[in-house]
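> Based on what follows, work out the 3D shape:
(one chain, ligands or ions: 1)
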Amino acid sequence: MSVVYLNGEYLQAERATVSVGDRGFLFGDGVYEVTAAYGGRLFRWPEHLRRLRRGLAALRIDFAPDRLEPIQRELLVRNGLESASVASVYVQVTRGVAPRSHAFPSPPVEPTVYGFANRYVRPARERWEEGFEAITVPDQRWALAEIKAIALLPNCLAQQAATEAGVSDAIFVRDGIALEGSHNNLFCVFGGELATAPKSNYILPGITRDFVIELAAGLGIPVRERSVGLGELYGADEVFFTGTTTEVRPCIRVDGRPIGNGQVGPVARKLFDSFLTATGPPGR
Ligand code: PDD
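Modelled structure (predicted):
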């Protein structure tokens, strides 16, 4: 049974309830973060915090997210995950509870703050080496995708389409450009060089994306942040996804078409090995 955090209290998950007037429930009016914890250490929390702060400011929710750090550590401890090799922590802040009305409550109300921690199971290396598959879906999200908003219906529909197609990921395509996955960022390899969509209002600026770009620099792999068209994606030597819990996930087939030679490529493998080294050995 898991222990969650809700508005100042640590509770058994089934005892944690929010009001039907919560604007997260009524409008999807809130932001969230998912942060990995390797060996109990929050991975790149300062970067997550910066993104969360930007999202709160964009939505004009008055909440100081710094105080989430000790809460996340406590969630790991209370759920016996303080030394788990891999875990994740979720935190969400909504505008709070108010009678339903589109405009913000005035005066403002206390934000609702919720958090939980989960162990996650990294796929076995043999499974990883088989590679994963994806489909493409039209990007029907709003034009503020850089905000990590809890309103994720297009992402859920995209991931459901992937699930029904029997594949692990869905790639959003807007105006012919392959932007990112339903819950991860997208990289292609062309002639030993990485390409990934530049940061814009059409993608979530992933913390793992930035980390993998740093790893690539350390390995001497050139990176170009540029738009990749769908036709180009189909013709890539390699494709892979990055994200919290996704880590580095190689994609060997998109829309049923083999990518490169249809096998996991050396660049994804090098980056994943480097990722594993940087985040600690598995099975600790
Ligand atoms: N998703 N793009 C989208 C649309 C995402 O939802 C995510 C993260 C990412 C990767 O960002 P990061 O590397 O910071 O995790 C990219 C989280 C994990 C989720 O919704 O569960």
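> Now do stretch 143-157: everything it contacts.
Stretch 143-157 is contacted from outside by 24, 27-33, 51-52, 54-55, 58-59, 92, 94, 137, 139-141, 182-183, 199-205, using Cβ atoms under 8 Å, 6 or more residues apart in numbering. Heads up, the C-betas are built off the backbone N, CA and C, glycines and all.
> how about 7 Å then?
Outside stretch 143-157, the residues that touch it by Cβ atoms under 7 Å, 6 or more residues apart in numbering are 24, 28, 30-33, 51, 55, 58, 92, 140-141, 182-183, 201-205.
> which phi and psi does Pro154 have?
Main-chain torsions, Pro154, degrees, to the nearest 10: phi -60, psi -30.
> For the helix or strand hosting Arg53, what is the distance to the chain centroid?
Using DSSP states H and E, Arg53 maps to helix 45-59. Centroid separation between helix 45-59 and its chain, computed with Cα atoms, centre = their mean, to the nearest Å, is 14 Å.
> Which strands or helices does it pack on?
In terms of contacts (3 or more Cβ pairs under 7 Å, 6 or more residues apart in numbering; DSSP states H and E), helix 45-59 is packed against strand 30-38, helix 207-219.
> Would you mark the buried spots in that helix?
Neighbour counts using 16 or more other Cβ atoms under 10 Å place Trp45, Glu47, His48, Leu49, Arg51, Leu52, Gly55, Leu56, Leu59 of helix 45-59 among the buried residues.
> The stretch 101-250 of the chain: helices as residue ranges?
Assigned by DSSP state H, counting those that start in this stretch, the stretch 101-250 of the chain shows helices spanning 125-130, 153-164, 207-219, 230-234.
> Just say which of the ones you listed is most tucked in.
The highest mean neighbour count among the helices of the stretch 101-250 of the chain, using mean count of other Cβ atoms under 10 Å, belongs to helix 207-219: a mean of 19.
> and the stretch 1-150 of the chain, which residues reach the ligand?
Residues of the stretch 1-150 of the chain found near the ligand (Cβ under 6 Å from any ligand atom) are Val34.
> Show me the beta-bridge partners of the residue in the stretch 1-150 of the chain that the ligand sits nearest to.
Proximity of the stretch 1-150 of the chain to the ligand (Cβ to the nearest ligand atom) peaks at Val34, 4.0 Å away. Under DSSP bridges, the beta-bridge partners of Val34 are Tyr90.
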